[in-house]
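Peer 1: With the input below, show me the fold.
(4 chains)
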Protein chains: 2
Amino acid sequence: MYVDTTGVMAGATSTRIAASPCLVCPIRERAICAHLSDDALRNLLTRSRRIVLQRGETLIWEGDETLVVGTVRSGLLKLTSTMGDGREQILGLAFPGDFVGRPFGALAGSSITALTETALCLFRRHAFDALARDHPELQHALLLRTLDELDRARRWIVLLARKSAGERVATFLLEMADRAGAEDGEPIEIMLSRQQMADFLGLTIETVSRKLTHLRQARVVQLPDLKSFVILSRKALWNAAGDLDRLAA
Amino acid sequence: MYVDTTGVMAGATSTRIAASPCLVCPIRERAICAHLSDDALRNLLTRSRRIVLQRGETLIWEGDETLVVGTVRSGLLKLTSTMGDGREQILGLAFPGDFVGRPFGALAGSSITALTETALCLFRRHAFDALARDHPELQHALLLRTLDELDRARRWIVLLARKSAGERVATFLLEMADRAGAEDGEPIEIMLSRQQMADFLGLTIETVSRKLTHLRQARVVQLPDLKSFVILSRKALWNAAGDLDRLAA
DNA sequence: CGTGCGGTTGATCCGAGTCAAGCCAAGTGG
DNA sequence: CCACTTGGCTTGACTCGGATCAACCGCACG
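Peer 2: Residues are numbered from 1 along each chain as shown, chains lettered A, B, ... in the order given. All right, here's what the predicted structure looks like:
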């Protein structure tokens, strides 16, 4: 992990210079900063530092006190919980624009680890907490995100409690396609290894492999290489995901 | 469902009278109202109405627009999602003091139904949304609750993805014991039927029944009747729940 | 040219689901 | 008061889906 200090410390000297890294920020519009007042944004920026995690590096460990929170600028993180016997469950993924870390004091409920090289904009948690209390619009933005995350986690509960292995894999592919916003026929990158997919879906690596093979044999998807796929029939994939009823909606 | 209007409409006439139902509120200290300023509390109260749901009555349907949000005064609610084939998954329970409903516009991700006779303090969602925007402390309280709910949902993800049937049942009993705050040896009420436990744990009714029998035969718990249990060995129950490592913590 | 790693495929096993029967307590009606 | 029904729960026999164990493939890299 290295710290990218370009322009950050300059924040104290000039408002215009301070705001400049945000102006070129790749996720400026999607991040939690998007709806902040200029004042709040400057305030946040002067307390931020940008870092880059290498693949496999862990930002926060499950059970530790949360020292930092932040926004993902690029790359991909996983949120995981590990059971006593060592098996890990991926609780969620953090894409560019997502907020990570647990503000307001509770111990971290999950470890946060880079799956690819990942750039973040970090804030010390105490500073962020204080800033959130002073800036209702920041708190509001955080609340909206947290409510969405809760909805997403609950949808995952249904998947894990009630869906078969084949349905889980199909659902995963659809989610990746949604996130990527790709059309049918164009390749979509799977940023996870088979093991990580298994950890995400509550399955084993062998079952994931088999179910992918089945979808390929059924001509629902193509698998040009290990890290990408192409949807041949979105309808068939919805069907395989067990959500055909929701297709209407 | 009937509306209890005692003292509610009086709120418009006198501050002192308006606040009175809150003063005798059984969950005054635990509810979201607890940390509000007098001003915000009065404001909230004048926009509230108290209702009682009978067992089985549904407050909000999955997929509908959320018209009301509120606080549980007494009783027990379930949050559920139903799959295309009709099987339902319980996503969570709402105890007295808990906040229910999805503020800020998204469609309801789950149905909310009374498991026992349940009293609530309700607010029209739009009024609540507006009030939350004007009262940062209300929004802050809501954010803390939502963050806790998210942590809880993610722990449930681990349970559903990785725990065996026996571990799930043991974990459930421990959670009920925690919620009830009961000592070992004193009976704890199970407010759910076997079917509801199964819906909560992602199992079938038969499996729940068998695993409870095993715990009884192993002298870990007593089951004096269908709706209550007694913990004989908390340590053994932690062990059965697969969380023995966390006992140290 | 081996060696290691991630992935696939096959054979077998096991835990939880399914199907079916029976138990028990609480109605209900003759 | 007793026979009958009903609904929730338990128990047993069997099935099946996904885990486990093991062999193998293909590619990157020393």
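
Peer 1: Report the contact partners of the residue nearest the centre of chain A.
Peer 2: Compute the mean C-alpha point of chain A, and by Cα atoms, centre = their mean the closest residue is A:A94, 1.2 Å away. By Cβ atoms under 8 Å, 6 or more residues apart in numbering or on different chains, A:A94 lies in contact with A:V72, A:L76, A:L77, A:K78, A:L79, A:V100, A:I112. In short, each C-beta sits where N, CA and C put it, glycine included.

Peer 1: try A:A165
Peer 2: A:L201, A:L203, A:T207, A:V208, A:K211.

Peer 1: likewise A:H140?
Peer 2: Per Cβ under 8 Å, 6+ apart, neighbours of A:H140: A:H35, B:R133, B:Q139.

Peer 1: redo that, cut-off 7 Å
Peer 2: Each residue near A:H140 by Cβ atoms under 7 Å, 6 or more residues apart in numbering or on different chains is listed here: B:Q139.

Peer 1: right, and the helix or strand after the helix or strand where it lies?
Peer 2: In this assignment (DSSP states H and E), A:H140 forms part of helix A:136-162. Downstream of helix A:136-162, the first helix or strand assigned by DSSP H and E is helix A:165-180.

Peer 1: Any part of the helix or strand just after that next one near DNA strand C?
Peer 2: Sequence order places strand A:188-189 as the next helix or strand after helix A:165-180, per DSSP H and E. No. Using Cβ under 7 Å from any atom of the strand, strand A:188-189 stays clear of DNA strand C, coming no nearer than 12.9 Å.

Peer 1: returning to what we had before: give the rounded mean pLDDT of the helix holding A:H140.
Peer 2: The average pLDDT within helix A:136-162 is 96.

Peer 1: Check stretch A:90-101 too.
Peer 2: 97.

Peer 1: how about the residues of chain A near DNA strand D?
Peer 2: A:S164, A:A165, A:G166, A:G202, A:L203, A:T204, A:E206, A:T207.

Peer 1: now the contacts of A:A165 in JSON lines, with pLDDT, distance to A:P26 and secondary structure?
Peer 2: Output for those, formatted as JSON lines (pLDDT from 0 to 100; distance: Cβ to Cβ, whole Å; DSSP: H, G, I helix; E, B strand; the rest coil):
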{"residue": "A:L201", "pLDDT": "98", "distance to A:P26": "29", "secondary structure": "helix"}
{"residue": "A:L203", "pLDDT": "98", "distance to A:P26": "33", "secondary structure": "coil"}
{"residue": "A:T207", "pLDDT": "98", "distance to A:P26": "36", "secondary structure": "helix"}
{"residue": "A:V208", "pLDDT": "98", "distance to A:P26": "31", "secondary structure": "helix"}
{"residue": "A:K211", "pLDDT": "98", "distance to A:P26": "34", "secondary structure": "helix"}
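
Peer 1: can you narrow the residues you listed to ones near DNA strand C?
Peer 2: A:V208.

Peer 1: Not counting its neighbours along the chain, what's nearest the residue nearest to the centre of chain A?
Peer 2: In this structure, A:A94 finds its nearest non-sequential neighbour in A:L77, 4.1 Å apart by Cβ to Cβ, 6 or more residues apart in numbering or on different chains.

Peer 1: which residues does that neighbour contact?
Peer 2: A:L93, A:A94, A:V100, A:I112, A:T113, A:A114, A:L115, A:T118.

Peer 1: In strands, which of those fall?
Peer 2: A:L93, A:A94, A:V100, A:I112, A:T113, A:A114, A:T118 (DSSP state E).

Peer 1: which of these tops the neighbour count?
Peer 2: With neighbours taken as other Cβ atoms under 10 Å in any protein chain shown, the top of the ones in strands among the contacts of A:L77 is A:I112, carrying 28 neighbours.

Peer 1: Helix, strand or coil: sort out A:E29 for me.
Peer 2: coil (DSSP: H, G, I helix; E, B strand; the rest coil).

Peer 1: ok, it - how many residues close by?
Peer 2: A:E29: 10 neighbours (other Cβ under 10 Å).

Peer 1: Quick check: the gap between it and A:Q139.
Peer 2: Distance of A:E29 to A:Q139, given as Cβ to Cβ, to the nearest Å: 20 Å.

Peer 1: swap in A:D39?
Peer 2: Taken as Cβ to Cβ, the span from A:D39 to A:Q139 is 15 Å.

Peer 1: Quick check: residues of chain A near chain B?
Peer 2: Within reach of chain B by Cβ under 7 Å from any Cβ of the partner chain, chain A has these residues: A:81, A:83-84, A:87, A:89, A:91, A:102, A:104, A:106, A:109-110, A:133, A:136, A:139-140, A:142-144, A:146-147, A:149-151, A:153-154, A:156-158, A:160-162, A:202, A:242, A:244-245.

Peer 1: Go ahead and build a ChimeraX selection from the buried members of those residues.
Peer 2: A single ChimeraX command selects the buried members of those (16 or more other Cβ atoms under 10 Å in any protein chain shown):
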select /A:81,83,89,91,102,104,109,110,136,139,140,142,143,144,146,147,149,150,151,153,154,156,157,158,160,161,162,202,242
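
Peer 1: Quick one: residues contacting the residue nearest to A:F99 when sequence neighbours are not counted.
Peer 2: In space, and not counting its chain neighbours, A:F99 is closest to A:I32: 5.1 Å by Cβ to Cβ, 6+ apart. Going by Cβ under 7 Å, 6+ apart, A:I32 touches A:T71, A:F99, A:A141, A:L142, A:R145.

Peer 1: Put together TSV for the residues you listed, with distance to A:I51 on each row.
Peer 2: As requested, the contacts of A:I32 are exported to TSV (distance: Cβ to Cβ, whole Å):
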residue	distance to A:I51
A:T71	12
A:F99	15
A:A141	22
A:L142	21
A:R145	21
